[in-house]
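Enquirer: need a 3D model of the following:
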Amino acid sequence: MRLHLSGTLKYVRVLALVVLFSLGAVLGAGLAVITAPRLLQRPLVPVPQSAVPLTPPAGQPVQFTDSSPVVTIARQVGPTVVGVAAMTGRSFTVEGAIKQGSGVIFDGANGYIVTNNHVIAGAGRVTVSLDHERVYPATVIGVDERSDLAVLQVKGVNLPQARLGDSSAVQVGETVVAIGNPLGREFARSVTVGVISALNREVTVPGPRGVEITLRTLQTDAPINPGNSGGALVNLKGEVIGINSVKIAASGVEGMGFAIPINDVRPIIDQILTRGYVTHPFLGVYNLQDITPEMARWYNIPEGVYIGGIFNDGPAAKAGLQVGDVIVAVDNNKVTSYSDIQGQVNKKSPGDKVTLTAVRLNGRKQLDFTVTLGELPSK
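Expert: Predicted coordinates for the structure are as follows:
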């Protein structure tokens, strides 16, 4: 009897322990369900500002408040895009005309605006319009024909300022917004949307004095029309990544617009503001002809760039290059076109050295020449 009772007591104790553990598990789970969301909703302890050294970029970042980022970009970046009117000729009745374009305020405190050089080239007077009421006379601070850029200044108050981005981070297929004044002030701050179609497109356009210039550009299908030149190409962060420049307007061609990358614009702006003009490296060769693979095979000559002329006492002449040499590499980078040479040389500054590898057709010798770059003459 005692053994049976003792066994019964043990059984009861085990059962009580099981019930107790089960009840604890249920209560613990319930407590977790109740308290976990509250813990998750608690804000994280902020990092002290002194521990996060940040350099604020120029311009105000876009504060997105709408479901569509384009709406916010139009509202907040749009005011930094201005209309530019350039009056050419002796008067509006005698061989006179008004060219319309756009510009971007990149320094609101000092009233500095960047636009295309072709918008204001040959102008006797330039005005900038922020809207229909605020129109300011503009001073041309400096221009650069080779990059098709110019810097203007207006004396305004409380001017907005664009935030410049990083065009090296742009990707093909990225959505972009073009803002400008197509056809003039009547269509001020028109907004169009597209994508980046290609990077590093080289576009050759006529310069203001009839000399062709080659621009390295971002290609976009965001509609760009006459008057958009000098306006902003903006990413979805609200940052200006390019200055709209040209459009292919041939019959049957649609959606091929081009913008100068903002990383190429920055050093031009800096030079204009610091010295009033822009220096470009000068190699001292001209009448260059690309030797295509077909030509190379046909004439049994190396593929590269044929030198048709050399400036006397120029950098190339002083280094020993001759008419008839074929440049095949610049700083050990193979070149097959003038644009390849230009791309390598433009990374340098006047006074820098560059190594040209050329084949001298008379004797078929490959030689290296160290050229000290000069400064491109302004005229």
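Enquirer: tell me where the stretch 51-200 of the chain has strands.
Expert: For the stretch 51-200 of the chain, applying DSSP state E, counting those that start in this stretch gives strands covering 81-88, 97-107, 112-116, 125-129, 135-144, 149-153, 175-180, 190-206.
Enquirer: TSV for these, including distance to Pro377, mean neighbour count and mean pLDDT?
Expert: (Each C-beta comes from the backbone N, C-alpha and C, glycine too.) Below are those laid out as TSV (distance: least, CB to CB, whole Å; neighbours: other CB atoms under 10 Å; pLDDT from 0 to 100):
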stretch	distance to Pro377	mean neighbour count	mean pLDDT
strand 81-88	25	24	90
strand 97-107	27	23	89
strand 112-116	22	26	95
strand 125-129	26	19	92
strand 135-144	14	18	93
strand 149-153	19	25	95
strand 175-180	33	24	93
strand 190-206	20	16	86
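Enquirer: export those to JSON lines and tack on distance to Asn300?
Expert: Listed next are these as JSON lines, based on distance: least, CB to CB, whole Å:
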{"stretch": "strand 81-88", "distance to Asn300": "52"}
{"stretch": "strand 97-107", "distance to Asn300": "50"}
{"stretch": "strand 112-116", "distance to Asn300": "45"}
{"stretch": "strand 125-129", "distance to Asn300": "55"}
{"stretch": "strand 135-144", "distance to Asn300": "41"}
{"stretch": "strand 149-153", "distance to Asn300": "43"}
{"stretch": "strand 175-180", "distance to Asn300": "47"}
{"stretch": "strand 190-206", "distance to Asn300": "29"}
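Enquirer: out of those, which gets nearest to Lys237?
Expert: strand 175-180 (10.7 Å; CB to CB).
Enquirer: for the closest one, which strands pair with it and how are they oriented?
Expert: Sheet pairing here is set by DSSP bridges, and for strand 175-180 it gives strand 190-206 (antiparallel), strand 232-235 (antiparallel).
Enquirer: of all those strands, which one is nearest Val151?
Expert: That would be, of the strands paired with strand 175-180 and by CB to CB, strand 232-235, which comes in at 15.2 Å.
Enquirer: next one: that closest one to chain centre, how far?
Expert: 9 Å (CA atoms, centre = their mean, to the nearest Å).
Enquirer: before we move on, the earlier item: can you say which of the strands paired with strand 175-180 is nearest to Trp298?
Expert: Judged by CB to CB, the one of these that comes nearest to Trp298 is strand 190-206, at 25.4 Å.
Enquirer: now the strands paired with strand 175-180 as JSON lines including distance to Val170?
Expert: Shown next, in JSON lines, are those (distance: least, CB to CB, whole Å):
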{"stretch": "strand 190-206", "distance to Val170": "6"}
{"stretch": "strand 232-235", "distance to Val170": "7"}
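Enquirer: in a helix, Asp270, correct?
Expert: Yes. Under DSSP: H, G, I helix; E, B strand; the rest coil, Asp270 sits within a helix.
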